[in-house]
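Student: Here's my sequence, what's the structure:
(2 chains)
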Amino acid sequence: MDRPRGLAFYLLAGVFALYVLFLYGPTLTILALSFQGPSGGLTFPMNGVSTHWFAKLWEGVGVVDIWAALRRSLALGLVVMALTVTIAFYAGIAFRKGFRGAGLVFALAVSSLIVPSIVVSLGIGLEFRLLDDAIKALAAATGWGFLEDHGTLMGLYTSALGAHLTWTLPFGLLIMFAVFNRFDPAYEEAARDLGASGPQTLRHVVVPILAPALVGVALFGFTLSFDELARTSQAIGGRNTLPLELQGLTTTVTTPEIYALGTMTTAVSALVIGTALGLTLWLQKRRARRAMAGLR
Amino acid sequence: MTDLALPAAETAARTAAPTVAGRPRRRTLAYLQAAPLALVFLVFLVVPLVLTGIVSLWEYNEYEIIPALTLQNYADVFDGCLSADLCTTLRTYLSTVKFVALTLAITLPLGFAIAYFLAFYIRSGTVRMGLFLLCTIPFWTSNVIRMISWIPLLGRNGLVNDTLRALGLIRAPIEGLLYSDFAVVLAFVHLDTVFMIVPIFNSLARIDRRLIEAARDCGASGAQILWTVILPLAKPGIAIGTIFVTTLVMGDFVTVGVMGGQQIASVGKVIQVQMAYLQFPAAAANAMVLLAAVLLMILGLTRMIDLRREL
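Tutor: So this is what the prediction gives:
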């Protein structure tokens, strides 16, 4: 709208500015407070500036092994990221071609977002418990040695991975839809006319063009998994992910150590987001440069 | 008015819909490519939900669950609901629905105002994208961290109380800022407004600007344009945002737990506690009731829109 900026503009700009302050203010507060001096408490004023609480964090928080939890969350996040990109990309291609049951699969993806997380989590937890029971019953019935000391199938790379995928894949799929809607099939036809095979077209034409979007899907996959809590809660075995440990710590830790932990996880997320955005920009720039070079 | 906007949406839908019905080999390939996705949803969504439905009909005691049909779990859920005072379940649902209503009442106008500002008042595409990212980046960081970051602000000796005291507006600190209904709603708004902004922005961004020009040429005022042109065209985005916020708040147990100081009941929390006490059939029955409630709430909304056309 090319209108002179009237009162409405300034009002809305004010609302927007306040919202951004509301959005980032609290996080910035704990960022500052995580550098609280050794004698400082959970609130202002700051009693000096120190990295005391980060040092304490480095030594570990009470009985909880926070670093093992961090490693688990990072590893799971990377696996979820890789799977989300791959599965969503191929599913996007399949939806574009069309197949019988496409409507049903799409409905499933949407339901996966809409069904409350606690219900999904409980369902997966139940599923794995029943599987364990079945295996134990089988061991008792057959006396097969290798089943005798079966513990549980529930774990980071089974039930928790599945729970995370039910959350990341719908987002990945929706992004792929949006991307393919704007994708010009002429590129593929040109490649095919020039004699490229299906996989060649995919590898040399489709993937490079969609690269920025795929980075976006990867970003969604990793960060959503890294911070996932509700769906993981009932679907993980004995070893918790970082967000689960964090939730437990909110009721027990009463020192700025928890802010230091918050600053650290936010830094990991910020690092991933920054890298992904930078990579996207770089890919777009490179493409623009190559297009220019092609024109000359 | 709606008809005018349709052609653009139609073309978009057509490119997404099957372009090549073609050769059988391509068909087989499509099945293979979609199979992993379908498999994940089958194993980690459909089967779990079916099992939850089955287990909700099983008996249980302190030690184990017994595969014998009973409706007792559902009877327990609604135990006492027919008597004069409300049963626990009904009260819990009322409290949760209250949170849904309050959160929607704030996030809907707020999300719309922000999306409207970004879509219509920011002229440069780069600036718009930058500001849009500014709104969505916190969505990619930890919810628990974002909740505890309210402690130094709202606590008894927090920034808000201290400031108000320094200004002489209050003498004793306000107690109910943290660990209260207020804190819970505040956190919901803080965490979930982005789910309103993104779909509404998406709807607004695809409104054909010529429609607005035409309305103005015909003499419509700003308010009239907003009410009769923009709002109807933004309805799908509003519906999607409302669905998101509704399900997020209905199923929540973390926000209510952390921000309510573990004192406020919510449906999700009931389920979580029952799981912790290994009362799986009871938890499953509660989950089924919650699922039914959520599906009923969004049924009307989903009828209004064709989600795939919105992308």
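Student: does any bit of stretch A:207-225 sit next to chain B?
Tutor: Yes. Stretch A:207-225 reaches chain B (C-beta under 8 Å from any C-beta of the partner chain) through A:L219, A:F220, A:T223, A:L224. In short, each C-beta sits where N, CA and C put it, glycine included.
Student: Any idea how far that stretch is from the middle of the chain?
Tutor: From the chain centre to the centre of stretch A:207-225 is a distance of 10 Å (C-alpha atoms, centre = their mean, to the nearest Å).
Student: What residues sit buried inside it?
Tutor: A:210-225 (16 or more other C-beta atoms under 10 Å in any protein chain shown).
Student: which residues touch it?
Tutor: A:73, A:76-78, A:80-85, A:88-89, A:164, A:167-168, A:171-172, A:175-176, A:179, A:183, A:187, A:269, A:272-273, A:276-277, A:279-280, A:283-284, A:287, B:140-141 (C-beta atoms under 8 Å, 6 or more residues apart in numbering or on different chains).
Student: In PyMOL, how would I select the buried members of these?
Tutor: Burial among these is assessed by 16+ other C-beta under 10 Å; the matching PyMOL selection reads:
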select buried, (chain A and resi 73+76+77+80+81+83+84+85+88+89+164+167+168+171+172+175+176+179+183+269+272+273+276+277+279+280+283) or (chain B and resi 140+141)
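Student: all helices of the stretch 151-300 of chain B, in order?
Tutor: B:151-154, B:159-166, B:181-205, B:209-217, B:222-225, B:231-250, B:254-259, B:267-276, B:280-303 (DSSP state H, counting those that start in this stretch).
Student: deepest of those, which one?
Tutor: Using mean count of other C-beta atoms under 10 Å in any protein chain shown, the stretch among the helices of the stretch 151-300 of chain B with the largest mean neighbour count is helix B:254-259, at a mean of 26.
Student: For the stretch 1-150 of chain A, just list every one of the helices.
Tutor: Going by DSSP H, counting those that start in this stretch, the stretch 1-150 of chain A shows helices at A:7-33, A:52-59, A:66-97, A:102-114, A:117-142, A:145-148.
Student: In JSON lines, list the ones you listed along with mean pLDDT and distance to chain B.
Tutor: Listed next are the helices of the stretch 1-150 of chain A as JSON lines, based on pLDDT from 0 to 100; distance: least, C-beta to the nearest C-beta, whole Å:
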{"stretch": "helix A:7-33", "mean pLDDT": "89", "distance to chain B": "4"}
{"stretch": "helix A:52-59", "mean pLDDT": "79", "distance to chain B": "13"}
{"stretch": "helix A:66-97", "mean pLDDT": "92", "distance to chain B": "4"}
{"stretch": "helix A:102-114", "mean pLDDT": "90", "distance to chain B": "4"}
{"stretch": "helix A:117-142", "mean pLDDT": "88", "distance to chain B": "3"}
{"stretch": "helix A:145-148", "mean pLDDT": "71", "distance to chain B": "20"}
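Student: how about the ones you listed, which one is nearest A:A235?
Tutor: helix A:117-142 (4.1 Å; C-beta to C-beta).
Student: Can you name every helix or strand that that closest one contacts?
Tutor: With contacts taken as 3 or more C-beta pairs under 8 Å, 6 or more residues apart in numbering or on different chains; DSSP states H and E, helix A:117-142 sits against helix A:145-148, helix A:161-181, helix B:47-55, helix B:267-276, helix B:280-303.
Student: B:C135 is nearest to which of these?
Tutor: Closest to B:C135 of these, according to C-beta to C-beta: helix A:161-181, at 16.5 Å.
Student: Just want the phi and psi numbers for the closest residue to B:L69 other than its chain neighbours.
Tutor: Nearest in space to B:L69, with sequence neighbours left out and distances taken as C-beta to C-beta, 6 or more residues apart in numbering or on different chains, is B:L57 at 5.4 Å. Main-chain dihedrals, B:L57, degrees, to the nearest 10: phi -100, psi 10.
Student: coming back round to it: and of the buried residues of stretch A:207-225, the nearest to chain B?
Tutor: A:T223 (4.0 Å; C-beta to the nearest C-beta).
Student: Correct me if wrong, but that closest one is in a strand.
Tutor: No. Under DSSP: H, G, I helix; E, B strand; the rest coil, A:T223 falls outside any strand and is assigned helix.
Student: OK, contacts around the residue of the stretch 151-300 of chain B found nearest chain A?
Tutor: Residue nearest to chain A within the stretch 151-300 of chain B: B:G251 (2.4 Å; C-beta to the nearest C-beta). Contacts for B:G251 (C-beta under 8 Å, 6+ apart) come out as A:P116, A:S117, A:I118, A:V119, A:A230, B:V267, B:G268, B:L290, B:V294.
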